[in-house]
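Engineer: give the three-dimensional model of this entry:
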Amino acid sequence: MTITQAPRIAGWLIAPLAWLLLTLLSSSIALVIYLMMLISPESHRLMNAQGHNMVLFWYFSVACAIAMWGYTVWLTVAFFKRRKNVVRHYILWLLISVLLAIKAFAFSPVSDDLALRQLLFPLLAASLLVPYLKRSQRVKQTFINP
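Structural biologist: A predicted model of the protein is given here:
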């Protein structure tokens, strides 16, 4: 009985992995900042001065950040284990990233220039990585583990 090993993660697969790891790092830093704001009584006082809607929107953003961080951790582990469902979930993860960037563009009180830059990177990553992940033979041969 011969067991064939899946090819290791190399070549152009390093780009999706790097994007995933950098997003994991940046979302971890964002969660630490959110937690520091949760601890600070000064930030609660400033948010309450903004109104009830601002507080709800802020907690919704924290919940989205926690959910996206958890999904990113799970996807990173599945990527290294070369699971079959990585490609489908990676594409879904990219689409969620684009949706969150659109949410930030539409609702955040930041300049349009900064919001556009935050929207540009997920759009660029999705437009380059989705066709590669869907069509590449190496991807089909690499992600084979149940």
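Engineer: buried ones in the host helix or strand of Ile33?
Structural biologist: According to DSSP states H and E, Ile33 maps onto helix 14-39. Using 16 or more other C-beta atoms under 10 Å as the test for burial, helix 14-39 gives 16, 19-20, 23-24, 27, 30, 34. (C-beta placed from N, C-alpha, C; glycine too.)
Engineer: what average pLDDT does the helix or strand just after that helix get?
Structural biologist: Using DSSP H and E, the helix or strand that directly follows helix 14-39 along the chain is helix 41-50. Mean pLDDT, computed over helix 41-50, is 82.
Engineer: and the next helix or strand past helix 41-50?
Structural biologist: helix 52-81.
Engineer: and that next one, what does it pack against?
Structural biologist: helix 14-39, helix 41-50, helix 86-107 (3 or more C-beta pairs under 8 Å, 6 or more residues apart in numbering; DSSP states H and E).
Engineer: what's in contact with the lowest-mean-pLDDT helix or strand in the chain?
Structural biologist: When each helix and strand of the chain is scored by mean pLDDT, DSSP states H and E, helix 41-50 comes last, with a mean of 82. Helix 41-50 is contacted from outside by 37, 54-55, 58, using C-beta atoms under 8 Å, 6 or more residues apart in numbering.
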